[in-house]
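**Q** from the sequence below, what's the structure:
(one chain, ligands or ions: 1)
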Amino acid sequence: MLEASNESSWIELDARALRANIAVFRSLLEKSPATASRQKLGIVLKANAYGHGLIEILPVVHPHVDIIHLISPRDALEIRRIEEQRQWPRRRLLVIGATSPEEFVQLAEEGVEVTLGDDNALSAVAALKARGLKANAHIHIETGLSREGFFPHEIAKKLSFLAESDCPFLVKGALSHFANTEDVTEQQYANQQLSEFQKGVDALSVLLGTENPPLERHIAASAAALILPEAHCDFVRVGISLYGFWPSGETKLSARIVMAQSPKLLPVLSWRCRSQFIKMLPAGSYVGYGCTFRCERQTTIAVFPVGYFDGYPRLLSGRAHVLVNGHRAPVLGRVMMNHIVVDVTGVTSDESSLVATLLGNDGSESVSAEMLAGWAQTIHYEIVTRIGSHLRRIVIE
Ligand SMILES: *Cc1c(COP(=O)(O)O)cnc(C)c1O
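**A** A predicted model of the protein is given here:
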């Protein structure tokens, strides 16, 4: 399914794969022993939906999930606008990232839930009170990542304002975030974090008193949602795996060990590019900046108008291959800002334009985000989130 496009390079999004991944998590939650009540499925659409494209991913996932998590308040407000424009029912939206006092006000006006995770939360109290607004809030508990959150022992003191009767924050939930569920196959640190989390929840419950409805607890990102059912709590926050990726090799290995049948995740994104031109180089020609590659033999090259500006890492220079007509075709020399040069000798017989798959499948060959990450000395999270937001996204049903 190589879609025609007049753009230089473009992203194809497989809507069916996306829905299948959602179904995987629904069924995991149904089997989960963690609570008797129905657990909710939360997804994470931060970072332009992990580089896939928030605007394109949203319509596919919106009807099928319970809660959408964003880092940026602006993204949450944008989703509210889209819901109104298209007359969709409103989904629960929760901003888990940095929020200024003005943004707390805007989010409260739009019925978006907010996270209190640092001392800036207090500075929003006056602004909300001045407008007579109430905000549904989740308290971030520091359990060992050393990022956002209040330590369990400081909750009573630092968050005492939450117990005041005119407090504009209505505390609905408590959350935390694991530090290394992805990096290991034994979950000792995660279990330690879970017990700190419980301490924080208890401290918060004492502070808020029995009048406050029971707190919704959430701590599991993709890895814990997959392999740590005791961490499912009241809802999960699935990021990377919504898009069909295992968080890490270790998580995949753990799943094989802890589950009778490990789930099948389907990558959603393919990245393709149409060649700008094709030409023949005589043996001995140098290719690209720095003359780092020299042709041993007469070589047919295709130049593709994509480069590190678009998010194709420069560290792929001399290492990556793309797929052309179902064959692996090496990237020659350095990745440039807006160009790559690919050896297509033997994979094409004329000079008509070619479509390269930079990421995704072509015939029986595939280039995964994990492969690109390995070549570029990073993780697949970074590969996909850095794909340029300027590239056209096409949703394939
Ligand atoms: C990014 C993030 C997630 C999702 O993590 P994945 O590993 O991508 O599933 C969940 N919770 C918080 C607080 C996050 O920052």
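**Q** find me the pLDDT at the residue nearest the centre of the chain, would you?
**A** By CA atoms, centre = their mean, the chain has its centre lying nearest to Tyr50, at 3.6 Å. According to the prediction, Tyr50 has pLDDT 98.
**Q** ok, now how distant is it from Ile387?
**A** 9 Å (CB to CB, to the nearest Å). Quick note: C-beta positions are derived from backbone N, CA and C, even for glycine.
**Q** what residues does this protein have near the ligand?
**A** Proximity of the chain to the ligand, by CB under 6 Å from any ligand atom, involves residues 44, 46, 96, 177, 221-222, 237-241, 247.
**Q** nearest residue to the residue of the stretch 201-350 of the chain found nearest the ligand other than its sequence neighbours?
**A** Nearest residue of the stretch 201-350 of the chain to the ligand: Gly239, at 2.4 Å (CB to the nearest ligand atom). Nearest residue to Gly239 in three dimensions, chain neighbours excluded: Val44, at 3.7 Å (CB to CB, 6 or more residues apart in numbering).
**Q** show me what contacts the one you found?
**A** Shown in contact with Val44 (CB atoms under 8 Å, 6 or more residues apart in numbering): 50, 68-70, 221, 237-239, 242.
**Q** identify the bridge partners of it.
**A** Under the criterion DSSP bridges, Val44 forms beta bridges with His69.
**Q** and His321, by the same measure?
**A** Bridge pairing for His321 - DSSP bridges - gives Pro330.
**Q** count the residues that sit near it.
**A** His321: 19 surrounding residues under other CB atoms under 10 Å.
**Q** so it sits against Pro330, correct?
**A** Yes: between His321 and Pro330 there is a contact under CB atoms under 8 Å: 4.8 Å.
**Q** what about Ala224, how many neighbours?
**A** Residues lying near Ala224 (other CB under 10 Å) number 27.
**Q** burial check on the residue lying closest to it once chain neighbours are set aside, number of neighbours?
**A** Once flanking residues are discounted, Ala224 sits nearest to Ala231: 4.2 Å by CB to CB, 6+ apart. Using other CB under 10 Å, Ala231 has 26 other residues around it.
**Q** quick one: Ala231 and Gln198 touch, right?
**A** No: judged on CB under 8 Å, Ala231 makes no contact with Gln198 at a distance of 11.1 Å.
**Q** before we move on, which element is Val24 in?
**A** helix 15-31 (DSSP states H and E).
**Q** I'd like the average pLDDT over that helix.
**A** 95.
**Q** same thing with stretch 101-108?
**A** Per-residue scores along stretch 101-108 average to 97.
**Q** what's the answer for stretch 203-213, then?
**A** Taken as a whole, stretch 203-213 has a mean pLDDT of 95.
**Q** run through who's touching it.
**A** Applying CB under 8 Å, 6+ apart, the contact partners of stretch 203-213 are 139, 141, 152-153, 155-156, 159-160, 162-163, 171-172, 174, 215.
**Q** rerun at 7 Å
**A** 139, 152, 155-156, 159, 162-163, 171, 174, 215 (CB atoms under 7 Å, 6 or more residues apart in numbering).
**Q** which among these count as buried?
**A** Buried members of the contacts of stretch 203-213, scored by 16 or more other CB atoms under 10 Å, are 139, 152, 155, 159, 162, 171, 174, 215.
**Q** okay, those in a markdown table with distance to Ile55 and secondary structure next?
**A** Below are the buried ones among the contacts of stretch 203-213 laid out as a markdown table (distance: CB to CB, whole Å; DSSP: H, G, I helix; E, B strand; the rest coil):
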| residue | distance to Ile55 | secondary structure |
| --- | --- | --- |
| Ile139 | 31 | strand |
| Pro152 | 39 | helix |
| Ile155 | 38 | helix |
| Leu159 | 36 | coil |
| Leu162 | 35 | helix |
| Val171 | 32 | strand |
| Ala174 | 31 | strand |
| Leu215 | 33 | coil |
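**Q** nearest spatial neighbour of Pro229, skipping sequence neighbours?
**A** Once flanking residues are discounted, Pro229 sits nearest to Ser32: 4.8 Å by CB to CB, 6+ apart.
**Q** give me the neighbour count for the one you found.
**A** Ser32 - counted by other CB under 10 Å - has 17 other residues nearby.
**Q** domain boundaries for the chain, per the record?
**A** For the chain, automatic domain parsing gives the domain ranges 15-258, 269-396.
**Q** could these be laid out in CSV, adding distance to Ser9?
**A** Output for the domains of the chain, formatted as CSV (distance: least, CB to CB, whole Å):
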stretch, distance to Ser9
domain 15-258, 13
domain 269-396, 4
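**Q** tell me which of the ones you listed sits nearest to Ser8.
**A** For Ser8, the closest of these is domain 269-396, at 4.0 Å, according to CB to CB.
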